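Chemist: Quick one, what's the 3D model for this:
(4 chains)
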Number of protein chains: 4
Amino acid sequence: MSKGIQAAVVGGTGYAGGEMCRLLLNHPEVTEIVPTARGDESFERLHPNLLGSGLEFADAEDVTARADTLDVVFLCTPSGEAMRRVPKLLEAGVRVIDLSADFRFADPNAYRTAYGAEHSAPDLLSEAVYGVTEINRDRLPQARLAANPGCYVITALLGLEPLLTGGFAALDSPLHIAAVNGTTGAGNKPRTETLHAEVFGSMLPYSLQGHRHAPELEDRLSALAGGAVTVDLSTAHGNFARGIYIQSSVRIRAELREELTRELLLSRYVERYGTGSGGEYFVRINDQPRLGGLTDKDYGRYPSLAGVVGSNFCHIGLDYDDKRGIAKVVSVTDNLVKGAAGSAIQNMNVMFGLDETAGLRSYGL
Amino acid sequence: MSKGIQAAVVGGTGYAGGEMCRLLLNHPEVTEIVPTARGDESFERLHPNLLGSGLEFADAEDVTARADTLDVVFLCTPSGEAMRRVPKLLEAGVRVIDLSADFRFADPNAYRTAYGAEHSAPDLLSEAVYGVTEINRDRLPQARLAANPGCYVITALLGLEPLLTGGFAALDSPLHIAAVNGTTGAGNKPRTETLHAEVFGSMLPYSLQGHRHAPELEDRLSALAGGAVTVDLSTAHGNFARGIYIQSSVRIRAELREELTRELLLSRYVERYGTGSGGEYFVRINDQPRLGGLTDKDYGRYPSLAGVVGSNFCHIGLDYDDKRGIAKVVSVTDNLVKGAAGSAIQNMNVMFGLDETAGLRSYGL
Amino acid sequence: MSKGIQAAVVGGTGYAGGEMCRLLLNHPEVTEIVPTARGDESFERLHPNLLGSGLEFADAEDVTARADTLDVVFLCTPSGEAMRRVPKLLEAGVRVIDLSADFRFADPNAYRTAYGAEHSAPDLLSEAVYGVTEINRDRLPQARLAANPGCYVITALLGLEPLLTGGFAALDSPLHIAAVNGTTGAGNKPRTETLHAEVFGSMLPYSLQGHRHAPELEDRLSALAGGAVTVDLSTAHGNFARGIYIQSSVRIRAELREELTRELLLSRYVERYGTGSGGEYFVRINDQPRLGGLTDKDYGRYPSLAGVVGSNFCHIGLDYDDKRGIAKVVSVTDNLVKGAAGSAIQNMNVMFGLDETAGLRSYGL
Amino acid sequence: MSKGIQAAVVGGTGYAGGEMCRLLLNHPEVTEIVPTARGDESFERLHPNLLGSGLEFADAEDVTARADTLDVVFLCTPSGEAMRRVPKLLEAGVRVIDLSADFRFADPNAYRTAYGAEHSAPDLLSEAVYGVTEINRDRLPQARLAANPGCYVITALLGLEPLLTGGFAALDSPLHIAAVNGTTGAGNKPRTETLHAEVFGSMLPYSLQGHRHAPELEDRLSALAGGAVTVDLSTAHGNFARGIYIQSSVRIRAELREELTRELLLSRYVERYGTGSGGEYFVRINDQPRLGGLTDKDYGRYPSLAGVVGSNFCHIGLDYDDKRGIAKVVSVTDNLVKGAAGSAIQNMNVMFGLDETAGLRSYGL
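Modeler: Model (predicted):
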C-alpha cells in the first residue's frame, strides 16, 4: 500500500460525515479523502473546524462512478440510500463501511419490521459484518462490507457485554437503558426544536413509545446473553453537543444476588477488556475504589462523559445495589467518534491490516 | 393577619435557602424575612441575584431564641440539625416547615436504617405532615410541622401518582427511575468535582450503589400503589444549574398491556390533575397529540425541562411502549422551586389559609 | 379600569412575543391577552413553558380590526410591519407599544440610512416616546405610542448614562462596547448556524462590520453626553439562551484621570440610580468593596449575568483602570425581559397610571 | 534520539499539567512522561480523561534531583516557583519550557512592577526565548529555556501581529481587547464562584481594574508595532470549559481609513500566515466572502470558538467598520492547547529538531 489508502465519504455534509473527514485527515496511512455533497455548500462553512484543510465536496455520483480507483467508501447517508449504492460499489471492487442502518440486520424481515420498508439488497445482509471491532475483529480482514451500529447500540453493547456473556443477568426482567445523547445526534438539519435557544439548559426526551434502535439492541444483546432479552430504551438529548451517556440497570439472577459485589463485577469487566493499553485498547474500565463514607457522593468512581469527548474511547464504570439485586453500568463514548466515525476507521484499520489504533490514539479532552 | 407573615429561613447560605428568600421577597403576604447564617458571609455576595433586596444574615441562635415573634420558620439545614431545633421552635408556638430529611419518615427505625443515626425527636415524627401539598392538602391547615421531601421524591411522586393509584403497575418488577438533576442540587460548598470546568458538557453520575432517597421513595410509592414497590433510582447531575428531569419506566400489569394506549394513560392523568388552572394548579399535563410519522422524532409531545425553570410547576408527559408493555413517564420541575422552596411556600400558604398559589404563579422561562 | 387591561400581542410566535405573554399572564391588572400568529402553530407547542395557560393564537388581521375593544397592543413584528399597522391602531384609539425598530429614530433620514428603506409613517416618528422608562418616565402617561429600544441599546444606555451625563467621558475617543447576547436574541427561525450542536460551548460573533443598532446607540448616547459620541459596538452570541452582557470601556477626560477612583464612579451611579428599592427600582448597582489582594480575582464585585435572568432588573458594576485612564462598566439584563417584554410592560404600567413595578417584581434566578 | 524524548511535567495536577500529559501521550517521539504532584492525589481521579494511561504522579523534588536523566522539563507551576527551579535544571543540562509567568519579561524591573516581587534569577531573563513559535522560531533550536506566554497573550498576539507589523494601527488610541476565556482558565482549585452552578449560563467578569497580563501584552505589541501601544484588556469567563475568544478593536491610522477594506486586511493576513497547511501551519485565516445582504447576520465569515477546541490551531477572522475606521479582529484558540500545552510542545519540537507539528496535527472538534 505504498500509495496509501484512498477514501471517499459519501454524505459529507452531516456531523458524522464531517467527523469522518476530521479523523481521516489525521490518519497516517490515508492519502486521499473525497467527501461528497448534494447541493453547493462550501465544505469549510459547514465544517469550520476543518478550516484550511483543503477538502472540497465532490459529487456523490461522480465518486461512485470512479469507485474502482478508491480503496474504501464510507457511507454516511440517510436510511435507504446505502442499500442502493452498495451493490455497485462492491462490484467495482471497493470496500464499504456503512454507517447507516441499512445493513445492520442479518434478516430482511427484521429490517422490514423496524423500518417499515422492503430491503433492496437482501442477499448482502448476511455478508455484512456487524461493525463492533471488539466483537467481530476476526471477521473484518476478509469483509467487503461492514455495517456499523449507531452510537446508542455500540455504547450499550460494550457496556453490557461482560455482564451478559458472564451470565449475571436475569433475562425475565427487561433490561433498562437510559441514554442521554449530545445534540449532534439530532443532525444539522435546521429545526426549531433543536435550536440552541430551545435545548440550552434543558433535556429533550424523544421516541419514548419505543426507539427505532431498540430492536437492533435486543437482537445483539440476546446473542450475547444466549437468550431473549427485552430492552427498555429511553432516550433524550442533553445540554451538550457531543457524547453519549448510557446508564443500564440489569436485574441480577436471583441465585447470584446475595454474593455479588461491585468488586466482583469489576473483575469480570477487567477480565474481559483488560486494563489500560493492554487488552481492548479503546475500552477502559474505571475501577477506582470507593472513597469517603457510604452516603458521601463519590463522583470519581464512575466515568465522566466529558473525559471521552474527542476520543475513540469507551469508558465503563459500574456499581451494585445489593439491597435490590440490580447492577448499574455506566458506559460513555463520543457519539461521533467511537459511536460513529472512529469505529468506522477502527474497522477500516483491521480490514486493511493496519494497526487497529492508527489515527485514533488521541485521549479525550 | 394585618401585620402579614413574619418568616425566618434558617440556613440561608445554600441554594435552597437563597431560593426561599427569593420567593418570599415576592410573596404578597410576607412582611418580614430573616435569613440566618453561620460565619460572616455577605448576603448579596452569596446571592447576587438578590442585589439590593436589603436582606442581611442574622445569627441562627438569635432567631430561634426569638421564635415566638415569628409566624413560620423554614429549615434549610444539614441532616440532623432540624431534629435538634424543632422541639424548641414548636414550643415557642412558631410553625415549622423543614426542608431537610429529618422528619420525612414516620418510623424512627426507617430513619435509622436510611441515615445510620438515632432520631432525637422520634415523638414528633408521626405529627409531621409530609409536605406534598397535592397529596396532603387536607392535613396542612392544622399542622405545626411540615416535612418536605426533596426534589427527587416530589418530582417522581407527582409523575407516578395517577399510574400507581390507578392500578396500572405490575409490582413484581422494580420501577425504574432515571433522574438527571441540576448542579444546584450538589450544593455550593466548593469541591473540585463540581467546578464548572469539570461538569460542563458532561454527565456526573453518583450513588449508583443505591441513592439515599430511594427508601423514602419506596415508602411513599408503596402507599400509593397499595403494595410493596421496589425502586431502582439512578441519579446524575447534568449540564444545567436548575431543574430536575425524571424519566420513569413502569411495567404494566400483564392483563392490561394489550389494550393500554398513550391516550388512555393521558386521560387518567388529566382525570387526576385536571387541565390548566383548573384542578391541580401546579401540575400540568402535556397531552399534545403525536405529530409526524411513527419514526419521526416529535419532541413537542413531551415536557421540556427548560419550560419549568423558575416556576413552581411540575410538567408531566408520557408514552406507552405497547410492544414491551412499559409506560414511560417524564416529570420535570425546578429542583429549587417545586423541588424545594416553592413547595415549602405552597405548604405555608395552605397552613396559613392563604390562596395556595400566592407568590408562586410565575410561569417558567 | 374595573374591567382591567385588555392587551394584544401581535407577533406572538417569537421569543419576545412569548415573553410578553408570560409576563402579562402574571400581571395583576391585565384581564385579557390575545397573541396573534400567522400560520397554524399551536401556542403551547411553540411556548411549552406556558403549558396549560389556555392562550391560543388569534389572527393578526382580526385583532387589529377590533382594536377599539382593546386597551393596548404590543407589536413584536419584523422591521417594516409596525409602521404599516400603527396609524390604524392609533386611529382606533388603542395605545401601542412597539418592540420593533420602526419608531426608534425621530428623524426619517436616520431611519433610511440605518435600514435602507423609506419610512411610511414619518409624521408619527416625533410623537413616539422612546421607551426607556428610566429616561422618559415623564412623557409616557400622555403617550399614544412608545418605541422600545432593543436589548443592546437599553442595557448599554442604562450602564453608561451616569458616566456620560456626569461628564466623565473623553468624546474624542470611540466608546467601546463589547456585547455578548443569548441565543434567544437570534430568534426561533430554524437555521443551521444557531442549532444547539453549533453554538454549544462556542462564541458566535456577527456583524463586526458595524452592527445595525450602533447608529441608534450613538444617537442616544450623544444626547446624554451633550456631544457626538462614536460607538464601536462588537456583538456575539454566547453559550446561553437568555441574558445580555455588556462591557463598556470609556476613556476618561484627561483632566479627570488622575483623581478618579472606582469609589468615585460608584458614588456617581448610586447618586443617579439610588440603592435597592429606593431610587430606580429596576436598576441595581453592585458596589461591593474589593476583597483579597490586588492580583486576586474577586469575582464578587461585578454583576453576574445569571443573577438577572428571569427578571426585569439591570445590574451594573464597574471598575477603573487608573494606569490607562479607562473606566469599565458591566451592565447585564435579561434580553427578553428588561431588554424587551419587561420594559414594554414597565412602559405600559406608567402609561396607564399603574404602579411601575406591577407584574415585574420577581428577582432573577 | 533513538531512545526518544524523556519529559517531566512539574505541576501535573492542574489543567495545564494534565493537558501536557494528554498531548505528550500522543507524541510520536516522546517515550517517557513523568508528571509530578504534591500531596497524594491519584492521577486518574484528577484527570479522568486519561483513564488507563498508566501515568502516575512522582514527587517534584525527586524528579528535579534526577533531571540529568531527562531531556526536557515542562513547568506548570504557580508564580515564583519556576525561578527557583530553573537554575538547577539548566545546570543539570535539561532543557526547560516554562508555562508560568516567571520568565516572560526580559527586564527584571518590569517583572517587579507587574508581580510585586523581586526576581530571583534575573540573569536568566535575557536568555529565555519568548515562546511564540510563529515569532521566535529561529531562536528556539539553541534555547535552553523557553518562556511561554499565557492564553490571553498568545491568542491576542497572533490575531494582531499582521495588523501591527503592517502599520495599520493608530497608536494614539488604546487598542481594545475583549476576551472571554473558558473556566479551565480559572484553575481546578475548589472555589464557590467557579462552581458549575454559579457559572452555568452566566458570564464572570474579573480584573477589570487592569488585568495582570496587560503589561506583558503591551510590551510585546509595542515591539511589533514599533511604538508604544496602550492595551485596554477586559476579561471574563464564559459558559464553556475550554477555549479563548479574543475580539480586538483597532483604530486605523487616519490616512488609511478611507481606502481600507475587509478584503485588503484579509490579504495582509494571508500574506503573513499563508493559507491552509502552507505557511504557518497552526494559524488559519477565515477569509470566507460575505454572504447575504448587508444587514443579514452572516455567522460563517468569522471563526467559531468551538472549531478550535481540542486542537493547536488559532483561527483568525476580521472585518472593517469603514464608517468608524475601526478594524475588528477575532482570534480563537483552545486555551489549554495553543494557549498552553500545545504551544509548549510546538516549542519542544523546534528545540529538538523535530517536525514542528509532531503530535499536534489533530483538527478541532
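Chemist: what helix or strand does the nearest residue to residue A:215 once chain neighbours are set aside sit in?
Modeler: Spatially, and ignoring its direct neighbours in sequence, residue A:215 is nearest to residue A:114 (4.9 Å; C-beta to C-beta, 6 or more residues apart in numbering or on different chains). The way it works is simple: take the backbone N, C-alpha and C, and place the C-beta from them, glycine included. Element membership for residue A:114 (DSSP states H and E) is helix A:108-115.
Chemist: what separates the residue in chain A positioned nearest to chain C from residue D:131, distance-wise?
Modeler: Going by C-beta to the nearest C-beta, chain C is nearest to residue A:190 of chain A, at 3.6 Å. Distance from residue A:190 to residue D:131, counting by C-beta to C-beta, to the nearest Å: 43 Å.
Chemist: Same question for residue A:270.
Modeler: From residue A:270 to residue D:131 the distance is 42 Å (C-beta to C-beta).
Chemist: Between the two, which is the more surrounded one?
Modeler: Using other C-beta atoms under 10 Å in any protein chain shown as the criterion, residue A:270 and residue D:131 rank with residue D:131 on top: 27 against 14.
Chemist: Which residues are in contact with that one?
Modeler: D:97, D:140, D:146, D:147, D:148, D:149, D:343, D:344, D:347 (C-beta atoms under 8 Å, 6 or more residues apart in numbering or on different chains).
Chemist: Just the ones in helices from those, please.
Modeler: D:343, D:344, D:347 (DSSP state H).
Chemist: Cross-check the contact I'm expecting between the last one and residue D:146.
Modeler: Yes: Residue D:347 sits in contact with residue D:146 when judged by C-beta atoms under 8 Å, with a separation of 4.8 Å.
Chemist: coming back round to it: return the list of helices and strands in contact with the helix holding residue A:114.
Modeler: helix A:214-225 (3 or more C-beta pairs under 8 Å, 6 or more residues apart in numbering or on different chains; DSSP states H and E).
Chemist: Which strands or helices does the helix it packs on pack on?
Modeler: helix A:108-115, helix A:151-165, strand A:231-237.
Chemist: Parallel or antiparallel, which strands does the shortest one pair with?
Modeler: Taking DSSP bridges as the criterion, strand A:231-237 sits next to strand A:175-181 (parallel), strand A:204-206 (antiparallel) in its sheet.
Chemist: quick check: mean pLDDT across stretch A:247-263?
Modeler: Stretch A:247-263 carries an average pLDDT of 97.
Chemist: what angle separates the helix holding residue A:114 from helix A:214-225?
Modeler: Interaxial angle of helix A:108-115 relative to helix A:214-225 (axes from the mean of the first three to the mean of the last three C-alpha atoms, to 10 degrees): 130 degrees.
Chemist: Enumerate the residues of the stretch 51-200 of chain A near chain C.
Modeler: A:182-184, A:186, A:188-192, A:194-200 (C-beta under 8 Å from any C-beta of the partner chain).
Chemist: Close to chain B as well: tell me which of the residues you listed qualify.
Modeler: Applying C-beta under 8 Å from any C-beta, the subset of these adjacent to chain B comprises A:186, A:194, A:198, A:199, A:200.
Chemist: roughly how far apart are the fourth one and chain D?
Modeler: Distance check for residue A:199 against chain D: by C-beta to the nearest C-beta, to the nearest Å, it reads 13 Å.
Chemist: Can you name the residues that contact that residue?
Modeler: Residue A:199 neighbours (C-beta under 8 Å, 6+ apart): A:183, A:193, A:237, A:239, B:306, C:196.
Chemist: Show me what the helix or strand following the helix holding residue A:114 is packed against.
Modeler: Sequence order places strand A:129-130 as the next helix or strand after helix A:108-115, per DSSP H and E. Helices and strands touching strand A:129-130, as assessed by 3+ C-beta pairs under 8 Å, 6+ apart, comprise strand A:145-147.
Chemist: For the strand it packs on, which strands pair with it and how are they oriented?
Modeler: Strand A:145-147 sits in its sheet next to strand A:95-98 (parallel), strand A:129-130 (parallel), going by DSSP bridges.
Chemist: picking up where we left off before, if we look at the helix holding residue A:114, which residues are touching it?
Modeler: Contacts for helix A:108-115 (C-beta under 8 Å, 6+ apart): A:79, A:101-102, A:105, A:117-119, A:122, A:125, A:212, A:215-216, A:219, B:295.
Chemist: I'd like those laid out as JSON lines, including neighbour count and pLDDT.
Modeler: Shown next, in JSON lines, are the contacts of helix A:108-115 (neighbours: other C-beta atoms under 10 Å in any protein chain shown; pLDDT from 0 to 100):
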{"residue": "A:79", "neighbour count": "13", "pLDDT": "91"}
{"residue": "A:101", "neighbour count": "23", "pLDDT": "95"}
{"residue": "A:102", "neighbour count": "27", "pLDDT": "97"}
{"residue": "A:105", "neighbour count": "23", "pLDDT": "94"}
{"residue": "A:117", "neighbour count": "11", "pLDDT": "92"}
{"residue": "A:118", "neighbour count": "10", "pLDDT": "95"}
{"residue": "A:119", "neighbour count": "20", "pLDDT": "97"}
{"residue": "A:122", "neighbour count": "15", "pLDDT": "96"}
{"residue": "A:125", "neighbour count": "20", "pLDDT": "97"}
{"residue": "A:212", "neighbour count": "19", "pLDDT": "84"}
{"residue": "A:215", "neighbour count": "20", "pLDDT": "92"}
{"residue": "A:216", "neighbour count": "23", "pLDDT": "93"}
{"residue": "A:219", "neighbour count": "19", "pLDDT": "93"}
{"residue": "B:295", "neighbour count": "12", "pLDDT": "56"}
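Chemist: of these, closest to residue B:58?
Modeler: Residue B:58 lies nearest to residue A:212 out of the contacts of helix A:108-115, by C-beta to C-beta, at 57.9 Å.
Chemist: Quick check: that closest one vs residue A:111, distance?
Modeler: Taking C-beta to C-beta, one finds residue A:212 at 11 Å from residue A:111.
Chemist: Quick check, pLDDT for the closest residue to residue A:284 other than its chain neighbours.
Modeler: Leaving aside its sequence neighbours, residue A:284 sits nearest to residue D:52 (C-beta to C-beta, 6+ apart; 4.0 Å). Looking at residue D:52, its pLDDT reads 95.
Chemist: And residue A:294, by the same measure?
Modeler: Confidence score, pLDDT, at residue A:294: 52.
Chemist: check contacts around residue A:155.
Modeler: A:179, A:244, A:246, A:314, A:331, A:332, A:333, A:335, A:338, A:339.
Chemist: at 6 Å instead, please
Modeler: By C-beta atoms under 6 Å, 6 or more residues apart in numbering or on different chains, the contact list for residue A:155 reads A:244, A:246, A:331, A:333.
Chemist: Next: residue A:89.
Modeler: Per C-beta under 6 Å, 6+ apart, neighbours of residue A:89: A:67, A:73, A:96.
Chemist: Now those residues in CSV, please, with extra columns for neighbour count, pLDDT and distance to residue A:26.
Modeler: CSV is the format used below for these (neighbours: other C-beta atoms under 10 Å in any protein chain shown; pLDDT from 0 to 100; distance: C-beta to C-beta, whole Å):
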residue, neighbour count, pLDDT, distance to residue A:26
A:67, 21, 93, 24
A:73, 26, 98, 19
A:96, 26, 98, 22
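Chemist: would you turn these into CSV with distance to residue B:34?
Modeler: CSV is the format used below for those (distance: C-beta to C-beta, whole Å):
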residue, distance to residue B:34
A:67, 77
A:73, 71
A:96, 71
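Chemist: one step back: take the helices and strands packed on helix A:214-225 and lay them out in TSV including mean pLDDT.
Modeler: Output for the helices and strands packed on helix A:214-225, formatted as TSV (pLDDT from 0 to 100):
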stretch	mean pLDDT
helix A:108-115	91
helix A:151-165	98
strand A:231-237	97
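Chemist: circling back: can you pick the most crowded of the contacts of residue A:155?
Modeler: residue A:333 (34 neighbours).
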